[in-house]
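Colleague: Got a sequence here, can you model it:
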Amino acid sequence: MKKMVFFILLTLLTSICSASDTKILLGGEFGQTQGDWNDYTGEREDSFGLRAGVETKETRIYASYNYLKTKDFNYVNTDFESHIATMNFSAKTKKYYDFIRSFIGVHLGLIYSKWNLGEYVPLEDKDDINLVLGGQAGIIIDVVENAYLEAGYRYSFTNANTSSINPGSIQVFYGALNFKF
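Modeller: Numbering: from 1, shown residues only. Model prediction:
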């Protein structure tokens with residue numbers, strides 16, 4: 001399975017890079033992230049991210065990193081933080097009104113979470129790593145020739161079991177600023 005996913009991503013990246021209109025993509029994002037555990041749905045928390053990859057007029061493939069930190073998670077004086085690294089593939093539609101378009105895509109990666117329980121909770125700190133898989137959709141608004149704004153929704157599943165500290169699913173509403181070189 002891992003080899004198959006690797007070869008699919010390699011094929012997509014190779015086909016995009018060989019296109020004549022390929023550009024390098026660099027960007028950042030800010031979002032509202034909510035995790036859903038088996039018995040608890042978290043509050044919406046601020047998340048931040050970076051992305052880098054390549055894109056053409058119709059597609060883009062990029063690696064992204066997102067960070068989320070929650071204070072007082074389930075207990076007072078505890079911290080919960082997550083690091084999410086994914087490979088993303090998106091297909092873009094034609095432009096409407098010469099400056100706006102929509103996109104739909106998929107992502108695959110890993111989530112690493114750490115729960116620092118502080119000194120007041122009689123439990124040990126925990127950390128965990130799991131697979132992340134999901135999809136995203138949104139709109140792209142061209143600002144200038146080599147920069148655009150993006151607003152989207154991302155939904156991810158994880159393979160976290162009931163003893164994991166990672167959520168079973170993650171929802172993100174985000175905005176991003178991307179630059180093309």
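Colleague: so where's this protein shaky on pLDDT?
Modeller: For the chain, the stretches with pLDDT under 70 are 1-20, 39, 72-77, 118-124.
Colleague: ok, which stretches of it are helices?
Modeller: Under the criterion DSSP state H, helices of the chain are mapped to 2-17.
Colleague: Longest strand in it, by number of residues?
Modeller: What stands out as the longest strand in the chain, according to DSSP state E, is strand 126-144.
Colleague: tell me which residues of it are tucked away?
Modeller: Across strand 126-144, burial judged by 16 or more other CB atoms under 10 Å covers 128, 130, 132, 134, 136, 138, 140. (Glycine included, C-beta is placed from N, CA and C.)
Colleague: same check, this time on stretch 46-62
Modeller: Buried residues in stretch 46-62, counted by 16+ other CB under 10 Å: 47, 49, 51, 53, 54, 55, 56, 59, 60, 61, 62.
Colleague: returning to that earlier point: in its sheet, what does the longest strand of the chain sit against?
Modeller: In the sheet, strand 126-144 lines up against strand 100-116 (antiparallel), strand 147-158 (antiparallel) (DSSP bridges).
Colleague: Serialize those strands to a markdown table and add fields for distance to residue 178 and mean neighbour count.
Modeller: Formatted as a markdown table, the strands paired with strand 126-144 follow (distance: least, CB to CB, whole Å; neighbours: other CB atoms under 10 Å):
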| stretch | distance to residue 178 | mean neighbour count |
| --- | --- | --- |
| strand 100-116 | 11 | 18 |
| strand 147-158 | 6 | 18 |
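Colleague: Could you check those and tell me which one is nearest residue 179?
Modeller: Across the strands paired with strand 126-144, residue 179 has its closest neighbour in strand 147-158 (5.1 Å, CB to CB).
Colleague: Run the chain-centre distance for the closest one.
Modeller: Averaging C-alpha positions (CA atoms, centre = their mean, to the nearest Å) puts strand 147-158 7 Å from its chain's average.
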